[in-house]
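Chemist: Kindly generate the corresponding structure for this input.
(3 chains)
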Amino acid sequence: MKKDNRFKNSLIMLIVTIAVLFVLNRILDDYKLRILNLCGIYITLGLSMNLINGFTGLFSLGHAGFMAIGAYTVAILTMPAHMKEMNFFMKPIMPFLANIEWSFLPALIMGGIMAGLFGFLIGAPVLRLTDDYLAIATLGFAEIIRVVFTNTQSITNGALGLKGIPASTNIWWSWGVAIITILLMVFLIEGSYGKAFNAIREDEIAAQSMGINLFTHKVMSFTVGSFLAGIGGGLLAALLGTIDPNMFRIVLTFNILLIVVLGGLGSIKGSVVSAILVTIAMEALRFLDESINLGFIELKGIAGMRMVVFSLILMGVVIFRKEGLLKEN
Amino acid sequence: MGNQGLLQHLANGISLGSLYALIAIGYTMVYGILRLINFAHGDIFMLGIYITYYGVLFTSIPWWVVFIFASIFTGLIGLLLEKIAYRPLRESPRITILISAIGASFFLQNFGIVVFGGRPKAFPIPDVFNKVVKMGGVSISLITFIIPLVTLLLLLGLTYFITKTKTGMAMRALSKDYETASLMGIDINRIISITFFIGSFLAAVGGIMWGIRYPQLMPLMGAMPGLKCFIAAVIGGIGNITGAVLGGFILGLGEIMLIALLPKLTGYRDAFAFILLIVILLIKPTGLMGEKITEKV
Amino acid sequence: MLKIENMTMRFGGVIAANKFNVDIEKGQIVGLIGPNGAGKTTIFNVITGVYRPTEGKVIFNPSEVERDITGLRPDEIAKLGICRTFQNIRLFKELSVVDNVFIGNHLIIESNVFSSVLKLPKYRKEEKEMLDKSIYLLEKVGLEDEKDSKAHSLPYGMQRRLEIARALATEPQLLLLDEPAAGMNPQETRELMGFIEDIKDEFDLTIFLIEHHMEVVMGICEEILVLDHGSLIAQGDPGFIQTDSKVIEAYLGVE
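Modeler: The predicted structure follows:
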């Protein structure tokens, strides 16, 4: 009875969401559509980090690295040969990559798989560390990825970045993936494995004494999280059309962390709502950074102000409201 | 590479290592007591440089007085940072306080962009430091020698402070066993404030010398040295001051030598520290001089 | 069921357990007593793999086959059939009561993570069984009405019982109870004694328990081990222990 109700409610929610997206897709201009796309992508990214940091209680700061892997995989796999030739004018691309041209879906999945694979390879040694060390090691890993991508010119085009990535991401891709991710998270967390993740977060020693293999479960959570981060990165690359290694600095991880913390660590609903709010707010507060002309008066923006506001929000939330702004109690 | 080249690199490596060591001490002292990675430490270092910059350029105070006051002032900022961002969270889960530390770091960086502007500025180097010393056929700038010397003096002072003074001993007691020490009537808040002051003070001294050595100032300049110095502290064994110094030198010398011996890998310079970190953590998770802590069940 | 041979555990210079020997037979209830700091919990930690002993062996032999479990990880040991409770209760605080027990089932699960996410029929069936079993165990410890409360909101005595239910969910053959009666009033303590004997029969358990309540130890243990300063100073049935001079000395000091 209760279960049927939930199914019915979810179905209604789903239909309403799709209808709203359909309408928005028709009426919004390009700029606003882009923000709507970003909302969907950040839902996926926020949830992927929440899985690792919120549900499993690991403290990973490597998200930007996994996103970079996903973004570059999608870009290189989907760009047509002549586009690659134009991009790689400093140093030609490796021959076996030059003529590859996949369609978006397999490229996106490949992006996720590559990120997940790296998550697995990195996670296996690094997840033996405890929280602080894990944070710094994953942060280090993300930096290494960025440095490597800057230097491997014949694969990534180095610091020049890649331009002209086919713009495949639209509302249906970004939000479709977001909805699938939400469902996946709900099912995962409700199930036995998700509960085991929660147990690890609550008390590692007790979890282990109840027969939970800490290491395999942590690696599992970390790999799934990095897979989703890679998918998010791939969607982002195909939305923006241009990527370069500097996009994937720590700031990017910080933005996602902000979403997770505002929404509440370990809250799916919270992450979804806060992904939308933060993405819109980031755009809405852009005026803080840039000058805007109101016709009669020009307001001078100050570069950096937006991030000052956001970092204050982040600190305010953790200091004054630890459960997150949006988590219901 | 001849002997002369090697000498040059060695001198550079030691001076960079000294700077890393000075900053790493701040990380290790704070971690020793609070078990907190003070992510904002690198940005405190950046503030120290900017404060000195404005002091030298916009006042008529002699440069050496500015240096001293700027370091003290930066120390006070560090103390304030702890009061605002960390103290309210002392009893909270570790992840919360780490997030606050990251927030503080980003706040300081962007505050820097807002107040100091994003464009690079040139550090006003007092003429004294522009001298070049000729040694064994190579010319090495004077500052390359001054840096290790100042570092050595500060280290001696710090060692005296933590081994011989009452406050220093309380500090060590607190990092050995927080709970017991707090029951012994040690004023924890005061000790923690002093720890943050010393750490930030040393970071500022390091920052000033950094500014003389690498005179380009940017609001984000603290991020990378900050991360690297934390790594230095971890490599040496976090919580251990000697370890932090050792880690600083290993990292500084290692970086310079990597570029000197394998110029092709110059682009990977910033990755070197992180790779070293991951290797060390896997081989000896407690760092070279760290002690193992077992959780009570 | 369990044999410990010449086990010594040193932490730096401190000897927490010194050449400790024990042989527990199937179906016994064995008590471990001793003054505070005698090293009782250390022995539990060595058995369950939280610590690796400095010397000596731990052997688990629920059947004819002997297995050296020294130095295995806690989760491996739990899977072999040894589960425990903790002296300073370690529940999954933020999770519901029923989830705490449900997680105890996790080590038995056969479905992989994919069938769990996709809710394949095999997983659904397993989940149903796990849930039914969890509810049954909660009824057993009298917590079925609290199943949706958060674990940390329960009163102390209930938390102790929840820990036992969680341990039972792992389907152990050997159950280690670390001070199960701590903080309980005489009424609750009497109920607990009945309960322990009850679960022993129903789940065919062997029980090894640490306890300070002499009433409990003397009342239900067939065999009692007395530990002092990491060494075994006496061993025998309750009647023998109560009159042993070394035990009296350890507890009351030398005249």
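
Chemist: now for the host helix or strand of A:L183, which elements pack on it?
Modeler: Secondary structure assignment for A:L183, by DSSP states H and E: helix A:171-190. Contact partners of helix A:171-190 among helices and strands, from 3 or more Cβ pairs under 8 Å, 6 or more residues apart in numbering or on different chains; DSSP states H and E: helix A:2-27, helix A:30-49, helix A:192-202, helix A:214-240, helix A:268-284, helix C:113-117. C-betas here are computed from N, CA, C, even on glycine.

Chemist: could you give the angle of that helix to helix A:2-27?
Modeler: Relative orientation of helix A:171-190 versus helix A:2-27 (axes from the mean of the first three to the mean of the last three Cα atoms, to 10 degrees): 160 degrees.

Chemist: Stretch C:25-36 vs chain B: in contact?
Modeler: No. Contact of stretch C:25-36 with chain B (Cβ under 8 Å from any Cβ of the partner chain) is absent, the minimum separation being 14.1 Å.

Chemist: how far out from the middle of the chain is that stretch?
Modeler: A distance of 11 Å separates the C-alpha centroid of stretch C:25-36 from that of its chain, computed with Cα atoms, centre = their mean, to the nearest Å.

Chemist: and residue 88, what does it touch?
Modeler: Here I'm looking at chain A. Taking Cβ atoms under 8 Å, 6 or more residues apart in numbering or on different chains as the contact definition, A:F88 lies against A:Q153, A:S154, A:N157.

Chemist: that's the wrong chain, I wanted chain B
Modeler: Listed by Cβ under 8 Å, 6+ apart, the contact set of B:P88 reads A:I319.

Chemist: Skip the chain neighbours and tell me the closest residue to C:I89.
Modeler: The spatially closest residue to C:I89, leaving aside those adjacent along the chain, is C:Q159, at 5.1 Å (Cβ to Cβ, 6 or more residues apart in numbering or on different chains).

Chemist: Redo the contacts of A:F88 as JSON lines? Include neighbour count and secondary structure.
Modeler: Compiled in JSON lines, those are given as follows (neighbours: other Cβ atoms under 10 Å in any protein chain shown; DSSP: H, G, I helix; E, B strand; the rest coil):
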{"residue": "A:Q153", "neighbour count": "18", "secondary structure": "helix"}
{"residue": "A:S154", "neighbour count": "14", "secondary structure": "helix"}
{"residue": "A:N157", "neighbour count": "26", "secondary structure": "coil"}
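
Chemist: Show me which positions of the host helix or strand of B:G247 end up buried.
Modeler: Here B:G247 is covered by helix B:241-261, with elements defined by DSSP H and E. For helix B:241-261, the neighbour count (16 or more other Cβ atoms under 10 Å in any protein chain shown) marks B:241, B:243-260 as buried.

Chemist: And for stretch A:211-230?
Modeler: In stretch A:211-230, residues buried by neighbour count (16+ other Cβ under 10 Å) are A:211-214, A:217-230.

Chemist: On the three-state scheme, C:V58 is what?
Modeler: In the three-state summary, C:V58 is assigned as strand, counting by DSSP: H, G, I helix; E, B strand; the rest coil.

Chemist: quick one: contacts for the residue of chain A found nearest chain C?
Modeler: Among residues of chain A, the one nearest chain C by Cβ to the nearest Cβ turns out to be A:G211. It sits 2.9 Å away. Each residue near A:G211 by Cβ under 8 Å, 6+ apart is listed here: C:D75, C:A78, C:K79, C:C83, C:G104, C:H106, C:L107, C:T170.

Chemist: For B:L7, which of the helices and strands packed on helix A:171-190 is the nearest?
Modeler: Ranking these by distance to B:L7, with Cβ to Cβ as the measure, places helix A:214-240 first at 45.5 Å.

Chemist: Contacts (any at all) between chain C and that closest one?
Modeler: Yes. Helix A:214-240 comes into contact with chain C when judged by Cβ under 8 Å from any Cβ, the residues involved being A:L214, A:M220, A:V224.
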